[in-house]
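In: What follows is a predicted protein model with its sequence.
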Amino acid sequence: MTNWAILSLSPVSWQRDSAGAYTVASLRAGFMQRGRNWRLSEFLRIENVTDKRYAGSVIVADANRRFYESAPDRNYLFGIEAVIGF
């Protein structure tokens, strides 16, 4: 029995790299104050708490052989929302 293989020269067919599995955790905390006709809410969000380096996107057929872009490092977001009723 003869085994035949067809070799395709398309840009992605020879690419055998893969990104490893990963788990990313984020935290969010907030609180709220209420008055008679107003509300004030504050929150803090921390994304990628463990500062894990992982592939954030895949580039198909990149000429520079750079097929993965890293995801953002740990980052923070603070927000305030004020609501006044009339």
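Out: Here it is on my side, so go on. In this text the structure is predicted, and so the values were computed from the model without any measurement.
In: Listing partners with orientation, what would you give for whatever helix or strand residue 82 lives in?
Out: Using DSSP states H and E, residue 82 sits within strand 75-84. Pairing partners of strand 75-84, with direction, according to DSSP bridges: strand 38-47 (antiparallel).
In: any idea how far residue 39 lies from residue 86?
Out: 13 Å (C-beta to C-beta, to the nearest Å). Where C-beta positions appear, they are placed from N, C-alpha and C, glycine not excepted.
In: actually residue 21, not the one I wrote
Out: For residue 21, the distance to residue 86 - C-beta to C-beta - is 52 Å.
In: Then residue 53?
Out: For residue 53, the distance to residue 86 - C-beta to C-beta - is 49 Å.
In: more neighbours, those two?
Out: residue 53 (10 against 3; other C-beta atoms under 10 Å).
In: which ones are touching the residue nearest to the more buried one when sequence neighbours are not counted?
Out: Excluding the flanking residues, the one nearest residue 53 by C-beta to C-beta, 6 or more residues apart in numbering is residue 70, at 6.0 Å. Residues near residue 70 by C-beta atoms under 8 Å, 6 or more residues apart in numbering: 53, 54, 55, 56.
In: Filter the residues you listed down to the ones in strands?
Out: 55, 56 (DSSP state E).
In: Let me know the closest of the contacts of residue 70 to residue 32.
Out: residue 56 (32.6 Å; C-beta to C-beta).
In: count of neighbours near that closest one?
Out: Neighbours around residue 56, by other C-beta under 10 Å: 12.
In: No further queries at this time; thank you.
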